[in-house]
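Enquirer: sequence and computational prediction follow.
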Amino acid sequence: MAINLSKGQKIDLTKTNPGLSKITVGLGWDTNKYDGGKDFDLDVSVFLTNASGKVDKETNFIFFNNKQNENASVVHTGDNRTGEGDGDDEQIQVDLLNVPADVDKIAFTITIYEAEARSQNFGQVSRSYVRIVNDANSEELIRFDLGEDFSVETGVVVGELYRNGAEWKFNAIGSGYKDGLSGLTRDYGLQ
């Protein structure tokens, strides 16, 4: 049975699940009824950071145009441009045992493509979540439902996997960004 997390809650991932190595991080959302006439296109981006919380090479910024890091231990499975249907809208596969040693955190974010031009924000998005599934048995280990605390934000740091010694933990963040992907890339050290 999956553990449901609250914003700010941290949980052991590998210590409480011995032998866990390959996981899928699924992210999903729905959009509220919107009469602006423009489709929503939400995108998942992943930032693999060093101990200072910065991305030190572009290959550690994973998104729809750069689907994996250099050793393929973190892989974006593809861009869902509509978000329609049930289940995960986008997924990231992570091989925890092979994540390079210089990567301390793996941050999962969602942004709205062309949000400003389309007059869209996360106040118009509902039922956003992140979940982690054990690939070995398809068991959902943890789930974090973001709730509907957003209004003008166009980007959200959903959560992050981070190293704690030899173990991996997960932090449910749920922090919004008014300046979307440009704010996220700036804060994670990319230009």
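Expert: Thanks, I have the structure now.
Enquirer: residues touching the worst-scoring helix or strand of the chain on mean pLDDT, excluding its own?
Expert: Sorting the helices and strands of the chain by mean pLDDT, DSSP states H and E puts helix 115-118 at the bottom, at a mean of 87. Here helix 115-118 makes contact (Cβ atoms under 8 Å, 6 or more residues apart in numbering) with 36, 38, 40, 112, 121, 154, 180. No exception for glycine: its C-beta is placed from N, CA and C like everyone else's.
Enquirer: surely the second one and residue 113 touch.
Expert: No - counting by Cβ atoms under 8 Å, residue 38 does not reach residue 113; the two are 10.4 Å apart.
Enquirer: more neighbours, those two?
Expert: Using other Cβ atoms under 10 Å as the criterion, residue 38 and residue 113 rank with residue 113 on top: 18 against 11.
Enquirer: quick one, what contacts the more buried one?
Expert: Contacts of residue 113 (Cβ under 8 Å, 6+ apart): 41, 42, 43.
Enquirer: do residue 156 as well
Expert: Counting by Cβ under 8 Å, 6+ apart, residue 156 has contacts 109, 110, 111, 122, 128, 146, 150, 174, 175, 176, 177.
Enquirer: quick one: which of those has the most company?
Expert: residue 122 leads these on contacts (other Cβ under 10 Å) with 28 neighbours.
Enquirer: centroid residue for this protein?
Expert: Compute the mean C-alpha point of the chain, and by Cα atoms, centre = their mean the closest residue is residue 108, 2.3 Å away.
Enquirer: neighbouring strands for the one helix or strand it maps to, and are they parallel or not?
Expert: In the assignment (DSSP states H and E), residue 108 maps to strand 105-112. Using DSSP bridges, the strands paired with strand 105-112 are strand 42-49 (antiparallel), strand 155-164 (antiparallel).
Enquirer: contact partners of the helix or strand following the first one?
Expert: Put plainly, it is strand 42-49. The C-terminal neighbour of strand 42-49 among helices and strands, as given by DSSP H and E, is strand 61-62. Here strand 61-62 makes contact (Cβ under 8 Å, 6+ apart) with 45-48, 55, 68-69, 74-76, 92, 185, 188, 190.
Enquirer: go again with 6 Å.
Expert: 46, 55, 74, 76, 190 (Cβ atoms under 6 Å, 6 or more residues apart in numbering).
Enquirer: same question, stretch 68-82
Expert: 41, 48, 59-60, 62, 64, 67, 89-95, 98-99.
Enquirer: angle of the lengthiest helix in the chain against strand 155-164?
Expert: Scanning the chain for the helix with the most residues, using DSSP state H, yields helix 180-187. Interaxial angle, helix 180-187 versus strand 155-164 (axes from the mean of the first three to the mean of the last three Cα atoms, to 10 degrees): 40 degrees.
Enquirer: packing partners of helix 180-187?
Expert: strand 105-112, strand 155-164 (3 or more Cβ pairs under 6 Å, 6 or more residues apart in numbering; DSSP states H and E).
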